[in-house]
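Asks: Okay, structure incoming, though there's no sequence with it:
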């Protein structure tokens with residue numbers, strides 16, 4: 001007999017297949033103990049018909065289904081001339097219990113098309129379970145309509161199955177405040193006249209799943225007040241809601257209530273895992289450990305939850321100790337998830353030695369075949385800044401999934417190998433894997449890092465063509481376009497995003513994009529607009545908008561805002577304030593902010609050291625640099641650049657040389673081009689040209705070489721070493737770098753002009769014309785009473801231009817009368833009307 005469908009069901013597969021589920025050591029408990037029992041009425045019918053074939057056939061069909069042969073049971077069923085409803089239900093239940101929900105739905109459709117057969121509560125209950133397993137909401141609603149139209153008395157089992165179906169199929173987003181009317185779980189629950197503990201368990205679980213934690217806890221209390229005894233599943237469902245409320249006191253109360261119900265509840269391993277997870281979430285890791293220790297027959301899930309709880313509370317060493325304890329058990333209970341938890345802990349610690357030991361254990365125990373474990377190892381090595389090891393593990397994987405590709409691509413992008421990451425995306429697609437939201441995030445990050453307009457546009461177009469959307473997509477796109485210089489495009493994406501969907505990340509990205517493109521007033525306007533729309537800024541917002549504040553007054557306003565909203569304790573906000581106060585000339589404010597940062601990182605120290613150097617306080621900069629190391633904060637490459645710059649500004653040459661030569665020995669850092677530039681500048685300032693020349697030559701043709709030679713060239717002119725300046729100038733011209741070269745041509749031209757060598761002056765000017773170089777006009781600005789006044793060389797556009805030049809001429813006369821040689825104010829720079 002063929003299976004036909006009266007519902008809009010998909011055609012059944014030609015070959016019966018089972019549904020594959022993700023492996024875990026212990027299956028999670030259901031939200032409610034749904035069962036598919038045979039009614040007492042059916043048992044009585046069988047007793048009355050004991051002399052006929054029907055009971056024997058039903059027993060045989062049930063046995064075949066229990067033995068995992070529902071397809072054989074179906075063939076037997078097809079030989080029956082007029083099967084009863086009980087037999088139809090037996091086949092549907094058999095398919096459901098053997099993880100074949102699609103076949104169960106198709107068989108239900110066939111049953112509906114048979115006029116002589118009527119469905120009962122058990123038909124609908126088992127079919128709704130199949131809808132829940134397949135997450136087919138439309139079919140579930142159709143079955144719900146069949147129940148209502150059938151006119152049968154809907155028993156508790158049908159209502160419970162409806163609750164389970166809707167809670168399994170409804171997307172969480174459909175029950176937010178805007179679409180609360182679509183909450184069919186609540187509506188079905190409210191229509192139930194009598195509710196057993198199963199129904200209460202489902203509604204509590206549903207409220208927790210949809211992050212309505214208060215309602216979940218309130219329904220648990222209502223259930224208790226109505227005299228319904230909670231089951232272990234009730235506690236398992238309510239504990240996540242207590243975790244969501246972050247209420248430590250409530251967690252202790254609910255755990256005390258659990259203990260009152262006896263050892264049957266406390267000893268349930270699912271309950272123990274939920275208790276550990278709840279206490280870990282509310283900051284009670286000691287109580288979580290106590291519950292763990294009281295558990296006698298721990299399984300892998302209990303161990304994993306406790307290790308994860310320690311990791312959530314930043315108790316990484318305790319997590320590792322517990323992992324080692326699990327390894328030392330006679331019958332070790334660790335599984336893939338245990339190893340992943342331990343690897344994640346090592347990733348947070350960034351401890352390469354422990355990571356290698358753990359990797360060795362994985363290889364020795366032949367667990368290298370687990371893709372999940374190896375994916376975690378790839379991430380671990382990348383977090384430990386060992387991208388080479390990470391890539392090697394990836395290459396040696398015998399089998400890879402999309403998570404493997406995403407892990408290595410993300411690792412490459414995060415470690416600065418953006419182009420290599422982009423190459424792997426192409427290879428990933430060649431291997432038959434599609435770009436998903438995680439891959440797209442890595443692509444957009446790479447485009448942002450490379451400031452690549454092309455990659456950003458291509459990725460954006462791919463997302464549109466394939467209708468891919470994910471959380472944070474708009475903020476990534478805004479960041480990419482802003483960093484690529486397409487601020488108008490970024491602005492358009494921001495404006496096209498409705499105000500209801502503009503989250504904090506989108507506002508932060510737009511503010512930061514405006515600052516990066518020099519649109520400081522627009523950034524400040526966006527910040528004020530954000531406050532008007534009741535979007536509360538975070539530490540990222542403050543650090544993004546601070547660079548837009550050039551006035552001390554504005555910096556103080558933001559500083560005050562951060563204090564009022566407890567954001568000043570963030571090391572990121574503190575570091576940004578130190579930087580801005582230093583740049584605005586108020587070093588004392590910078591010192592006060594630095595002192596108030598509770599936990600300082602290398603960025604905070606770097607900004608303060610740089611601020612001291614810029615203010616000529618070299619001794620203070622070096623003192624802070626030394627105290628940083630005693631505080632346990634390891635200086636990075638940028639911190640050393642700040643220390644060397646401070647030595648350069650203040651003439652502490654010997655101290656700077658000592659820092660430079662101790663980089664590899666003391667800090668394990670190989671000097672980079674930036675460090676060589678600092679040394680050239682420092683030695684050039686004090687006239688030690690031979691050493692400065694040697695440092696510059698060691699850079700070769702690197703990108704920073706032009707900066708090093710440029711610093712030395714300026715030093716030669718300052719000290720009057722025109723002979724060496726000409727040699728350095730030739731080095732600069734040999735680099736053939738167009739950017740910033742016009743300034744060096746002009747300086748060299750001025751040197752020849754000072755010597756009266758006009759032939760070389762003309763030659764240089766011709767070279768500039770041949771290369772298309774043009775010296776831009778010098779620009780300076782000053783802010784007076786909140787208004788920024790901008791000036792360029794020979795500027796005559798300012799509205800007070802005549803008054804300014806008149807004052808300039810007066811100052812020039814006063815300088816001359818005072819005996820100063822004001823050669824910087826040349827005659828040809830002053831307009832004729834001033835003369």
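Replies: It's in. These numbers come from a predicted model, not from an experiment.
Asks: What sits closest to residue 484 if chain neighbours are left out?
Replies: Leaving aside its chain neighbours, residue 484 sits nearest to residue 453 (4.1 Å; criterion: CB to CB, 6 or more residues apart in numbering). Just so you know, the C-beta spots here come from the backbone N, C-alpha and C atoms, and that holds for glycine as well.
Asks: what residues are up against the one you found?
Replies: By CB atoms under 8 Å, 6 or more residues apart in numbering, the contact set of residue 453 is 481, 484, 485, 486.
Asks: let's see 10 Å
Replies: Applying CB atoms under 10 Å, 6 or more residues apart in numbering, we find residue 453 in contact with 447, 480, 481, 483, 484, 485, 486, 489.
Asks: want to throw these into TSV with neighbour count, secondary structure and distance to residue 500?
Replies: Below are the contacts of residue 453 laid out as TSV (neighbours: other CB atoms under 10 Å; DSSP: H, G, I helix; E, B strand; the rest coil; distance: CB to CB, whole Å):
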residue	neighbour count	secondary structure	distance to residue 500
447	28	helix	28
480	31	helix	23
481	26	helix	22
483	22	helix	27
484	21	coil	28
485	13	coil	30
486	17	coil	26
489	19	helix	22
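Asks: so which of those would you say is closest to residue 570?
Replies: residue 483 (23.6 Å; CB to CB).
Asks: need the strands for the protein, in chain order.
Replies: 779-784, 787-792 (DSSP state E).
Asks: Lowest average confidence across these, which one?
Replies: The weakest mean pLDDT among the strands of the chain belongs to strand 779-784, with a mean of 67.
Asks: And for residue 66, the neighbour number?
Replies: 13 (other CB atoms under 10 Å).
Asks: show me where the stretch 401-550 of the chain has helices.
Replies: 402-414, 418-430, 437-450, 453-465, 473-483, 487-496, 504-516, 520-532, 539-545 (DSSP state H, counting those that start in this stretch).
Asks: Which other helices and strands does the shortest one contact?
Replies: So that's helix 539-545. helix 504-516, helix 520-532, helix 552-564, helix 571-583 (3 or more CB pairs under 10 Å, 6 or more residues apart in numbering; DSSP states H and E).
Asks: Next, the buried residues of that helix.
Replies: In terms of neighbour count (16 or more other CB atoms under 10 Å), helix 539-545 has its buried residues at 539, 540, 541, 542, 543, 544, 545.
Asks: just to revisit the earlier point, rank the helices and strands packed on helix 539-545 by pLDDT, which is bottom?
Replies: Sorting the helices and strands packed on helix 539-545 by mean pLDDT places helix 552-564 lowest, at a mean of 87.
Asks: coming back round to it: right, and out of the buried residues of helix 539-545, which lies closest to residue 433?
Replies: Residue 433 lies nearest to residue 540 out of those, by CB to CB, at 32.3 Å.
Asks: Isn't the closest one up against residue 506?
Replies: No. Residue 540 is beyond contact range of residue 506, at 11.8 Å (criterion: CB atoms under 10 Å).
Asks: Save the helices and strands packed on helix 539-545 as a markdown table, and put in distance to residue 427 and mean neighbour count too.
Replies: A markdown table is the format used below for the helices and strands packed on helix 539-545 (distance: least, CB to CB, whole Å; neighbours: other CB atoms under 10 Å):
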| stretch | distance to residue 427 | mean neighbour count |
| --- | --- | --- |
| helix 504-516 | 30 | 23 |
| helix 520-532 | 39 | 16 |
| helix 552-564 | 45 | 16 |
| helix 571-583 | 36 | 24 |
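Asks: buried stuff in stretch 57-68?
Replies: So, applying 16+ other CB under 10 Å, buried residues of stretch 57-68: 57, 58, 61, 62, 64, 65.
Asks: just checking, which of these belong to helices?
Replies: Of the buried residues of stretch 57-68, the ones assigned to helices by DSSP state H are 57, 58, 61, 62, 64, 65.
Asks: okay, those residues in TSV with pLDDT and distance to residue 135 next?
Replies: Below are those laid out as TSV (pLDDT from 0 to 100; distance: CB to CB, whole Å):
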residue	pLDDT	distance to residue 135
57	88	33
58	88	31
61	91	28
62	92	27
64	92	28
65	93	23
